[in-house]
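**Student:** Predicted model, plus sequence, below.
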Amino acid sequence: MTSTLRGSCQCGAVRFTVSQPLTEASVCHCVQCRKQSGHCFASANAPKSAVVVEGAEALTWYTSSEKVRRGFCARCGSWLFWEPLRQDWTSVALGAIDGPTGVSLERHIFVSEKGDYYRIADGLPQHER
């Protein structure tokens, strides 16, 4: 990634920019991601300081565990971010980025919790957690 990425929710109430390269692109198959997204969830990480949100009044954070919170648009429900509470990075929904992301998936995580209705067959590393 050589330039700033831009993204938004489906309705456009929440918009964001990411000014540093995204890292650790992964697909999460945990129960929480499956429940919230309806399937699995692809995201990549950036330092919190590199993610700037416009329309923050429409961004709602749900604390899904003692370690993680998840950010989504309160108007349209689009899931945009998740972040660990005690770290200095945000994971950005790859599907919410407008245009090319400039990243490639690196791995699958929490495959021990994946749904039984699909197979992971892309050859990427698979981690139980």
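**Tutor:** That came in fine, so what should we check first? Numbering: from 1, shown residues only.

**Student:** So which residues of the protein form helices?
**Tutor:** Under the criterion DSSP state H, the chain contains helices at 31-37.

**Student:** so where is the protein shaky, pLDDT-wise?
**Tutor:** Along the chain, segments meeting pLDDT under 70 span 1-2.

**Student:** Can you pull up the most central residue in it?
**Tutor:** Residue closest to the mean C-alpha point of the chain, counted by Cα atoms, centre = their mean, is Ala93 at 3.1 Å.

**Student:** Mind listing the residues bridging to that one?
**Tutor:** Ser43 (DSSP bridges).

**Student:** Would you check how far apart it and Gln10 are?
**Tutor:** For Ala93, the distance to Gln10 (Cβ to Cβ, to the nearest Å) stands at 11 Å. Yep, even glycine has a C-beta here, placed from its N, CA and C like the rest.

**Student:** what do those two both touch?
**Tutor:** Common contact partners of Ala93 and Gln10 (Cβ atoms under 8 Å, 6 or more residues apart in numbering): Ser78.

**Student:** For the protein, which segments are assigned as strands?
**Tutor:** Here the chain has its strands, by DSSP state E, at 5-8, 15-18, 23-28, 41-47, 51-54, 59-63, 68-73, 79-84, 89-93, 107-109.
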